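**Student:** Have a look at this fold, sequence not included:
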């Protein structure tokens, strides 16, 4: 544990970085259940609670369904509530994810992405959270530990904003980020806490002088309006995410947007991807650039709300784009990020040849060579001007 | 408990709800809230009580009331209670608040059992009240693990081969007593003073407490609405549902019938049991009496066994 009083560069794994952010966020309630590879986050945090470093009531529940249920109860009661999970635990929470969003409870959760069963696999891919992309949660993905830490701190402000009031999840890649040590900069506690601020809900269930009913049956005459309000809050979240990022940059210098454009302005071909693979892709872009190939990378940070217009603006000048998904949809069409981006292109009247690549399921390695192959393939597409021979592809897979 | 004084108290569970006429759940909820002397916050599992009392934008509840889902009322309440503990420790809240969870037998015996057992083991200070109408009434009278042997339900129906539910119900009250909580009790709609006294005892205990209250359901059990409380009392007089409490692991039977009535007295007014009185089901009926007799003997031994 580091009690940071000034900006310090420290060696932290992704999980340690997440737990440090949670210590600074200092939630009223944390309810959690262990699951690989996110276990450490709450394990380290429970030590903070045991040592009195946080004001948190730590609730070691008997399942992830109860973890999310207890967070929902705590948040409805007026508390700032947090949890962490992965994979099967995330899947077990599924029902309650929708309830948290529907009741507009700004719970913040760190998710260490991991493959879903079956077959059983504990390693990193995005299958778990991709399935909940339309659950009404804000989704922010991280390339490395620094981003994970910064994203978690920003997520609290975003979720609790009066214009938003939505739960938010912040993701890291299982093992690749969660268990990998990196040098990161922690914010001084006082500055981090000042940035995050206090949570002051308008209505809450422990306010016994102003009783109200929350979670009522909502039938044909109101349900639709309430769901529309939820969707509208997600639309408003985009602006709040931008404002919080701007404030974060003003205070701490690091810049965040909906995505990171890496050498995109003059790029002719590019990869769009999410998470740790982007770090690898950047080195490939650098290498290709030395050989005169105009390659770029678009790294998605905010996936929900989906910044579709901004993404189209960032890629519309390309001659070809490869969209990489670390999740497969098994729908005889395309994976999530590919489907969303190609829809956005169509709706914008932009015709950029797009090719889908699914990679890294169950923690399968993706190396610079694999990424270089992808660039080579879309380079060929960009030169021929014809539609790609194969739209749906798998990287580093025996077939 | 003085009924004249109770009549002066503010009703925290109001009328105008959409529970059936003769529904025991409304009676139970009203009495539970009347018994509380400190502010309460309620968690409610999905079920009849929830859907019939909170159709947006209306509510029957004049206390803070929360529903999140079906199987997780105890976990949800444990989160509220954790928030309360945290706020008390931080000095953010001064009120002396109690937490009550209401859930039916489906939400308690079956789908919500893990959540309940976990919350109790963690020691959250909450009173969990199972309003036990012995089946999934909200979805249309399906069998639960609280449904008694021989009862007709829509998923254990009476047919050419079967005479209703074949299994005996599980003894949840004793399972909860095995959690070694400060206070566990069985109660019934029909003995209001007993139930409300139990609510007060449970709310006074510093930790998790549990009341399993048998709640006649006129629709699912099939009887005229005016006999709800009478039927509840017959469950006690036949020893089908003895009312007792387990206070710091000590059993105490709260009502010992002067003359133990045969189970038929309780079963006969209910449509769900009418097939039991056909000649071919005589053995089944006997087995029910035998099970009730054995349960009553066992309970008396548990009471007698303590020092």
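**Tutor:** Received, thanks. None of these values were measured; they are calculated from a predicted model. Numbering: from 1, shown residues only, chains lettered A, B, ... in the order given.

**Student:** those helices in chain A, which residues are they?
**Tutor:** If you assign secondary structure with DSSP state H, the helices in chain A sit at A:14-25, A:39-50, A:64-76, A:87-92, A:94-102, A:127-131, A:145-160, A:189-196, A:223-252, A:277-290, A:308-315, A:336-347, A:368-384.

**Student:** Let me know which of those is tucked in deepest.
**Tutor:** With neighbours defined as mean count of other C-beta atoms under 10 Å in any protein chain shown, the helices of chain A peak in mean count at helix A:64-76, which reaches a mean of 31. (Glycine included, C-beta is placed from N, CA and C.)

**Student:** And that one, what does it pack against?
**Tutor:** Using 3 or more C-beta pairs under 8 Å, 6 or more residues apart in numbering or on different chains; DSSP states H and E as the contact criterion, the neighbours of helix A:64-76 among helices and strands are strand A:29-32, strand A:57-60, strand A:81-85, helix A:87-92, helix A:94-102, helix B:73-90, helix B:113-122.

**Student:** Cross-check the contact I'm expecting between residue A:56 and residue A:25.
**Tutor:** No: in this structure, residue A:56 sits apart from residue A:25 without contact. The criterion is C-beta atoms under 8 Å, and the distance is 9.4 Å.

**Student:** Dump the helices of chain A into a markdown table; add mean pLDDT and distance to residue B:46 as well.
**Tutor:** As requested, the helices of chain A are arranged in a markdown table below (pLDDT from 0 to 100; distance: least, C-beta to C-beta, whole Å):
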| stretch | mean pLDDT | distance to residue B:46 |
| --- | --- | --- |
| helix A:14-25 | 98 | 31 |
| helix A:39-50 | 98 | 28 |
| helix A:64-76 | 98 | 12 |
| helix A:87-92 | 98 | 18 |
| helix A:94-102 | 98 | 11 |
| helix A:127-131 | 98 | 24 |
| helix A:145-160 | 98 | 26 |
| helix A:189-196 | 97 | 34 |
| helix A:223-252 | 98 | 15 |
| helix A:277-290 | 98 | 42 |
| helix A:308-315 | 98 | 36 |
| helix A:336-347 | 98 | 31 |
| helix A:368-384 | 96 | 48 |
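
**Student:** Dump these into CSV; add distance to residue B:59 as well.
**Tutor:** Supplementary listing: the helices of chain A in CSV, determined by distance: least, C-beta to C-beta, whole Å:
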stretch, distance to residue B:59
helix A:14-25, 33
helix A:39-50, 36
helix A:64-76, 15
helix A:87-92, 31
helix A:94-102, 18
helix A:127-131, 34
helix A:145-160, 26
helix A:189-196, 34
helix A:223-252, 16
helix A:277-290, 49
helix A:308-315, 40
helix A:336-347, 39
helix A:368-384, 57
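
**Student:** Identify the residues contacting the residue of chain A found nearest chain B.
**Tutor:** Among the residues of chain A, residue A:73 lies closest to chain B, at 2.7 Å counting by C-beta to the nearest C-beta. Shown in contact with residue A:73 (C-beta atoms under 8 Å, 6 or more residues apart in numbering or on different chains): B:43, B:66, B:68, B:75-83.

**Student:** just those that are near chain A?
**Tutor:** Applying C-beta under 8 Å from any C-beta of the partner chain, the subset of the contacts of residue A:73 adjacent to chain A comprises B:43, B:66, B:68, B:75-83.
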